[in-house]
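[1] Quick one, fold the following:
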Amino acid sequence: MSRFRMYPTTAQEQRILLHCAHARYVWNLAVEQHAHWKPGRRSAPGFAEQCRQLTEARRDNAWLRAGNA
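    Coordinates of the predicted model:
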C-alpha cells in the first residue's frame, strides 16, 4: 500500500478543513434521517432519494453548490 504525506499551505489547509466540515454536515444529515426511522413509519429515504435531496439542496445553498459533487 502506498502512503502519501501532505504538506498543505495555510490556505489549502483551510479549504480542506472547510470541505471536511461540509462533508461531515451532509453525512450527519443522512445518518439522522435513518436514525429517526421507527416501526410503522415509511422507510427512510434510500440512496436515489437522498441523491435527489442533495441535488435539490445544492440548488438552494451556495456553500453546498461550491463544494465537490
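
[2] Spell out the residue ranges of the strands in the chain.
    Counting by DSSP state E, no segments of the chain form strands.

[3] Measure how buried L54 is and give me the count.
    15 (other CB atoms under 10 Å). Where C-beta positions appear, they are placed from N, C-alpha and C, glycine not excepted.

[4] Distance check, L64 against W27.
    Noted for L64: a distance of 13 Å to W27, by CB to CB, to the nearest Å.

[5] what's in contact with the helix or strand bottoming out on mean pLDDT in the chain?
    The weakest-scoring helix or strand in the chain, judged by mean pLDDT, DSSP states H and E, is helix 62-65 (a mean of 87). With contact meaning CB atoms under 8 Å, 6 or more residues apart in numbering, helix 62-65 is reached by 22, 26, 57-59.

[6] again, 10 Å this time
    18, 22, 25-26, 54, 57-59 (CB atoms under 10 Å, 6 or more residues apart in numbering).

[7] In contact with P45, which residues are there?
    Going by CB under 10 Å, 6+ apart, the list of residues near P45 reads 30, 33-34, 37, 51-53.

[8] Can you say which of those are buried?
    The neighbour-count test (16 or more other CB atoms under 10 Å) applied to the contacts of P45 identifies nothing as buried.

[9] Not counting sequence-adjacent ones, nearest residue to S43?
    W37 (6.7 Å; CB to CB, 6 or more residues apart in numbering).
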